[in-house]
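**Q** Next one to model:
(one chain, ligands or ions: 1)
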Amino acid sequence: MPIDATRAYDDSNIFARILRGEISAKRVYEDEFALAFHDIAPQAPVHILVIPKRAYVSWDDFSSRASDGEIAGFVRAVGHVAREHGLVEPGYRLLANVGGHGGQEVPHLHVHLFGGQPLGPMLSR
Ligand code: AMP
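**A** Just a heads-up that it's a prediction; the model follows:
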């Protein structure tokens, strides 16, 4: 079920639990601002999620409340992970679902990194 991106942060969401180390994930990168791990149900040969370390429900929440340093750190982490996985030369897709119409299911901001093959049209037709 897509979430309501305007609601308060829920500390029990699955990515909060991954951040706290309560459940495992295939981690590929971590720094002060971000954690990256493989999506549990990959939709492309490379499907990595990058999440901010602090509690933000969505891109909307992050872009309105995060500090400039957190935003810069997070954006740089996403770029770093893409480079580290060799995605730049062949190309890749970045996606953040927000709220109901976006189909966001986990209420902690995450950016999807897709790659490893031609990804087709941006939206299904
Ligand atoms: P979204 O629809 O943008 O909220 O995407 C949520 C994503 O989280 C989906 O692609 C799920 O496959 C992924 N996901 C859910 N639970 C886990 C988990 N425990 N570890 C890694 N990825 C997960």
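
**Q** contacts, neighbours, all on C-alpha from now
**A** Will do.

**Q** now the strands: where do they sit in the protein?
**A** 27-30, 34-38, 46-52, 93-95, 111-115 (DSSP state E).

**Q** I would like the residues contacting the last one, please.
**A** Put plainly, it is strand 111-115. Residues outside strand 111-115 that contact it (C-alpha atoms under 8 Å, 6 or more residues apart in numbering): 43-51, 78, 82, 87, 91-97.

**Q** cool, and the third one?
**A** Residues from elsewhere that reach strand 46-52, judged by C-alpha under 8 Å, 6+ apart: 33-39, 74, 77-78, 108-116.

**Q** go on, stretch 61-75?
**A** Residues contacting stretch 61-75 (C-alpha under 8 Å, 6+ apart): 5-6, 32-34, 51-52, 56, 109.

**Q** Give me the mean pLDDT for the longest helix anywhere in the chain.
**A** If you go by DSSP state H, the chain has its longest helix at helix 68-84. In this model, helix 68-84 has an average pLDDT of 98.

**Q** Report the angle between that helix and strand 111-115.
**A** 20 degrees (axes from the mean of the first three to the mean of the last three C-alpha atoms, to 10 degrees).

**Q** Helix 68-84: which residues count as buried?
**A** Residues 70-71, 73-75, 77-78, 81-82 are the ones in helix 68-84 that count as buried (16 or more other C-alpha atoms under 10 Å).

**Q** Figure out how far it is from the centre of its chain.
**A** 11 Å (C-alpha atoms, centre = their mean, to the nearest Å).

**Q** rewinding a little: for PyMOL, write a command that selects the buried ones of the contacts of strand 111-115.
**A** A single PyMOL command selects the buried members of the contacts of strand 111-115 (16+ other C-alpha under 10 Å):
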select buried, resi 46+47+48+49+50+51+78+82+87+92+93+96+97
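
**Q** If anything else comes up later, I'll come back, but that's it for now.
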